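> I'll drop the sequence and a predicted model, then ask my questions.
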Amino acid sequence: MSRRKPLKTKNYPHCMRLVVTRDTLAELAPPPGAPQPEIMGREEIDRLLPPGVVHQGIGLRAEPLPEQDLTSLLAASGPDAIFVILDRANDPHNVGAVLRSAAAFGAMAVILPRDHAPSVTGTLAKAASGALELVPLVMVTNLARALDEMKEANVWCVGLAGEADKPLDAIDLKGRVALLVGAEGAGLRRLTREACDFLARLPTDGPVADLNMSNAAAIALYEATRQRRAAKTG
């Protein structure tokens, strides 16, 4: 969007500019404290936003979310923290969907290697459906070093691999655990796989053996939370 002096408010200090069509404004009024909306035609909003963005008659310019630090997150995490690590995550839709599942199942963070991850754009944020502001998205420079740091913090690293001997439900996922998910087909990189404490497979029985990253992450998160609930209920 075009440059403009930031407009900050008490309730929404990170929001700087809000543009809407007249029809959209009539249907969905901004909450009190949001930036004063600017009425524009749909074509004008098209020109402000990146090509191909589906804006539905509304656009908001906001400050970037602050970068999260893995060391600080580990220090703040509890004894039952769940982390999700994505290896070879190239599709922003997949990352957004994983963030949404992470929010639904109470994961502490989603972690990606900086050189093998999509940028945090509106496409990713839209796929996350609000989860981007709820679950920290942590970019690490070196995934192997990040895994070593997590292990030193007593986090068990469990990687999903189709060739693993044990199914996921045979692995103890209680306590501090990181669930590592690779790209569909390619899976985890060799060094990432070797850094895992355990490898587990999803027990698929149908003709399609591989699931995409977001589906695999959602199943793994469900299994981790299922085990926690079962332990609490005895």
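On my side now, so go ahead.

> Would you map out the domains in this protein?
The record's domain parsing of the chain by automatic domain parsing lists 15-62, 70-233.

> Deepest-packed of these, please.
For these, average neighbour numbers computed from mean count of other Cβ atoms under 10 Å are highest in domain 70-233, which has a mean of 18. In short, each C-beta sits where N, CA and C put it, glycine included.

> From the opening residue of that one to its closing one, how far?
Chord length of domain 70-233, first to last residue, is 32 Å (Cα to Cα, to the nearest Å).

> Would you map the helices across the chain?
With DSSP state H as the criterion, the chain has helices at 22-27, 42-48, 70-76, 92-104, 122-128, 143-152, 190-195, 213-233.

> In CSV: the domains of the chain, plus mean pLDDT.
Formatted as CSV, the domains of the chain follow (pLDDT from 0 to 100):
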stretch, mean pLDDT
domain 15-62, 81
domain 70-233, 91
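
> that older thread, want to throw the helices of the chain into JSON lines with distance to V135?
Formatted as JSON lines, the helices of the chain follow (distance: least, Cβ to Cβ, whole Å):
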{"stretch": "helix 22-27", "distance to V135": "28"}
{"stretch": "helix 42-48", "distance to V135": "28"}
{"stretch": "helix 70-76", "distance to V135": "11"}
{"stretch": "helix 92-104", "distance to V135": "5"}
{"stretch": "helix 122-128", "distance to V135": "8"}
{"stretch": "helix 143-152", "distance to V135": "17"}
{"stretch": "helix 190-195", "distance to V135": "21"}
{"stretch": "helix 213-233", "distance to V135": "11"}
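
> quick one: which of the ones you listed is nearest K174?
helix 213-233 (5.4 Å; Cβ to Cβ).

> the inter-axis angle of that closest one versus helix 92-104?
When axes from the mean of the first three to the mean of the last three Cα atoms, to 10 degrees is applied, the directions of helix 213-233 and helix 92-104 differ by 10 degrees.

> List the contacts of helix 213-233.
With Cβ atoms under 8 Å, 6 or more residues apart in numbering as the test, helix 213-233 has contacts from 80, 82, 84, 86, 89, 91, 93-94, 97-98, 101-102, 104-107, 158, 160, 168-169, 172-174, 177, 179, 181-184, 202, 211.

> same thing with stretch 179-192?
By Cβ under 8 Å, 6+ apart, stretch 179-192 touches 82-90, 98, 143-144, 147, 157-162, 173, 193, 196, 210-213, 216-217, 220-221, 224.

> and it, C-alpha only, in CSV?
Output of stretch 179-192 as CSV, limited to C-alpha atoms (Å, rounded to 0.1, in the frame of the first residue of the first chain):
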residue,chain,number,x,y,z
LEU,A,179,6.4,-32.5,16.2
LEU,A,180,8.5,-32.3,13.0
VAL,A,181,6.6,-32.4,9.7
GLY,A,182,8.2,-32.5,6.3
ALA,A,183,6.9,-31.6,2.8
GLU,A,184,4.5,-34.0,1.1
GLY,A,185,6.4,-36.6,-0.8
ALA,A,186,9.9,-35.4,0.1
GLY,A,187,9.4,-35.5,3.8
LEU,A,188,12.0,-34.4,6.3
ARG,A,189,15.6,-33.7,5.1
ARG,A,190,18.2,-36.2,6.1
LEU,A,191,19.9,-34.1,8.7
THR,A,192,16.6,-33.1,10.2
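
> What distance do you get for the residue nearest to the spatial centre of the chain to R189?
Nearest to the geometric centre of the chain sits L99, at 2.8 Å (Cα atoms, centre = their mean). According to Cβ to Cβ, to the nearest Å, L99 and R189 sit 22 Å apart.
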